[in-house]
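Colleague: prediction below, plus the sequence it came from.
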Amino acid sequence: MTEVRFYHLLKTPQDVALPQIALKAWQAGGRVVVKCADDAQAALLNDALWNFRGDSFLPHGTRDDGNAELQPVWLTANDDNPNGARTLLVATGCTSDQLGAYDLCCLFLDGHNEAEIAEARVRWKGYKEAGHTVSYWQQGEQGWEKKA
């Protein structure tokens, strides 16, 4: 079963938070797919991955870069896994039907979008009933805090 983590964005925008999670997953030795709502969101997150830290580089690519199978982090608006990733990051505003194909899935939700929060509650229940390990993380004063 997949470990599913919900990341409730309250203090920082996705283009700041998601690159940090992607970097940790890659540093742990894994490849990552970032599932985006559309090509515009993929382009925004691509820019964020280039610019989020001056002291490190997170190798990544998009359809425009090509060579998906060689990219440690792949950003896509499709529900595919061309780089053989074991970690899936699902950006705000989208879902994936391929959750079970990964060891870890991190779902980001906009903490200021009530419809997205309501949808996340439905997904939480469905994932839990399907036997996935589910956890909820919220941004607090000291960074990410795991909630019960």
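Modeller: Ah, there it is.
Colleague: show the subsequent helix or strand relative to the strand or helix carrying Ala22.
Modeller: Assessed by DSSP states H and E, Ala22 sits inside helix 14-27. For helix 14-27, the following helix or strand on the C-terminal side (DSSP H and E) is strand 32-35.
Colleague: can I get that following strand as PDB, trimmed to CA atoms?
Modeller: Below are the C-alpha coordinates for strand 32-35, written out as PDB (Å, rounded to 0.1, in the frame of the first residue of the first chain):
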ATOM      1  CA  VAL A  32       9.900  11.900  -8.100                       C
ATOM      2  CA  VAL A  33       7.000  12.700 -10.400                       C
ATOM      3  CA  VAL A  34       5.200  16.000  -9.800                       C
ATOM      4  CA  LYS A  35       1.600  15.700 -11.100                       C
END
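Colleague: what does the host helix or strand of Tyr7 rub up against?
Modeller: Using DSSP H and E, Tyr7 sits in strand 3-9. By CB atoms under 8 Å, 6 or more residues apart in numbering, the surrounding residues in contact with strand 3-9 are 17, 21, 92, 99, 103-111, 117, 120, 124, 127, 132-139, 144. (C-beta placed from N, C-alpha, C; glycine too.)
Colleague: among those residues, which lie within helices?
Modeller: Members of those lying in helices (criterion: DSSP state H): 17, 21, 117, 120, 124, 127.
Colleague: which of those lies closest to Ala40?
Modeller: Distance to Ala40 across these (CB to CB) is lowest for Ala17, with 18.5 Å.
Colleague: identify the residues contacting that closest one.
Modeller: 7, 9, 108, 139.
Colleague: mind redoing it with 7 Å?
Modeller: Under the criterion of CB atoms under 7 Å, 6 or more residues apart in numbering, the neighbours of Ala17 are 7, 9, 108.
Colleague: any idea which of the ones in helices among the contacts of strand 3-9 is closest to Thr2?
Modeller: When those are ranked by distance to Thr2 (CB to CB), Tyr127 comes first, at 7.9 Å.
Colleague: and the gap between the closest one and Val4?
Modeller: 5 Å (CB to CB, to the nearest Å).
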